[in-house]
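[1] Return atomic coordinates for the entry below.
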Amino acid sequence: MLDIEVIEDPSAAEASLDPIRTRILQELTQPATATQLAARVDMPRQKVNYHLKALEQHGLVELVEERRKGNVTERVVRATAASYLISPSALASVAPDPRRFADRFSAFWLLSLASRTVQEMGKLISGAAAAKKKLASFAIDGEITFRSAAERAAFAEELGVAVTRLVDKYHDGGAAAVAGGARKHRLVVVLHPALKTPLTEQTTHAPAEKDQSNDWQP
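    Alright, predicted model coming up:
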């Protein structure tokens, strides 16, 4: 079972979005028979079987084992992943294209880059799983609070310079590197405002937060 599976096929995406099937996939992180699953989701076994067949047809559910019980053979199945993510390629004709924006201060370009990342990582994970190889990847996630828009702009500028310096230092696009099997890697760095904490999660003594909804650009 994968930790995350990226769904690329439009029909599989449609099948996964059905509320009942989503619930079934959630329950099938642990293997179960149709009878066991019917009890978990409080549904008739026949109806559960109908949805299971659809999910299995689209590769979202897999057979774990078959058990003989008297004259009946029970099939034990599970979800193919613990979580699912629908790739923008499922909407290929209207999927965002980073080449349309190419503006580092555009929120839409950031979304396009994120969309491309999902598509490419989905294919890479599938390929690595099929080849039974590990996929080399690296990510950093954190939060930073800026005292002003000017400091945010300065940070973005320094970050850009630092990344460019590292790329210049390590990038080898020469013919010898390509002929030697050097692997090209994708580098994406993003910076965006963090979502505000819901009021229900804030303490009653928390200071009021300044509205910066229109102040997102460096």
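[2] so how far is residue 62 from the nearest residue to residue 41 once chain neighbours are set aside?
    Using Cβ to Cβ, 6 or more residues apart in numbering and skipping the chain neighbours, the partner closest in space to residue 41 is residue 23 (5.8 Å). Where C-beta positions appear, they are placed from N, C-alpha and C, glycine not excepted. As judged by Cβ to Cβ, to the nearest Å, residue 23 and residue 62 stand 18 Å apart.
[3] Domain map for this structure?
    With domains defined by automatic domain parsing, the chain comprises 2-85, 138-201.
[4] and of those, who's closest to residue 122?
    Of all the domains of the chain, the one in closest proximity to residue 122, counting by Cβ to Cβ, is domain 2-85 (2.8 Å).
[5] Now do that closest one: distance from first to last residue.
    End-to-end distance for domain 2-85, by Cα to Cα, to the nearest Å: 12 Å.
[6] Nearest residue to residue 26 in space, please, no chain neighbours.
    Using Cβ to Cβ, 6+ apart, the closest residue to residue 26 is residue 79 (8.0 Å).
[7] on that earlier part again, now the element after the one helix or strand the residue nearest to residue 41 maps to, going C-ward?
    Element membership for residue 23 (DSSP states H and E) is helix 19-27. Next helix or strand after helix 19-27 toward the C-terminus (DSSP H and E): helix 34-41.
[8] So for that next one, what gets flagged as buried?
    Within helix 34-41, the residues that count as buried by 16 or more other Cβ atoms under 10 Å are 34, 37-38.
[9] ok, residues contacting it?
    Helix 34-41 is contacted from outside by 20, 23-24, 27-28, 32, 44-45, 47-49, 52, 74-75, 77, using Cβ atoms under 8 Å, 6 or more residues apart in numbering.
[10] Kindly give a single ChimeraX line that selects the buried subset of those.
    In ChimeraX, this line selects whichever of these come out buried by 16+ other Cβ under 10 Å:
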select :24,27,28,32,48,49,52,77
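[11] which one among the contacts of helix 34-41 gets closest to residue 187?
    residue 28 (36.4 Å).
[12] roughly how far apart are that closest one and residue 13?
    Taken as Cβ to Cβ, the span from residue 28 to residue 13 is 18 Å.
[13] ok, which stretches of the chain are helices?
    10-16, 19-27, 34-41, 45-57, 107-131, 149-170, 175-179 (DSSP state H).
[14] Against which helices or strands is the fifth one packed?
    Translated: helix 107-131. Of the remaining helices and strands, those touching helix 107-131 by 3 or more Cβ pairs under 8 Å, 6 or more residues apart in numbering; DSSP states H and E are strand 2-7.
[15] Run through the chain and note the low-pLDDT ranges.
    For the chain, applying pLDDT under 70 flags the ranges 175-180, 198-218.
[16] Spatially central residue in it, please.
    residue 85 (4.9 Å; Cα atoms, centre = their mean).
[17] Let me see the contact set for that one.
    By Cβ under 8 Å, 6+ apart, the contact set of residue 85 is 4-7, 118, 122.
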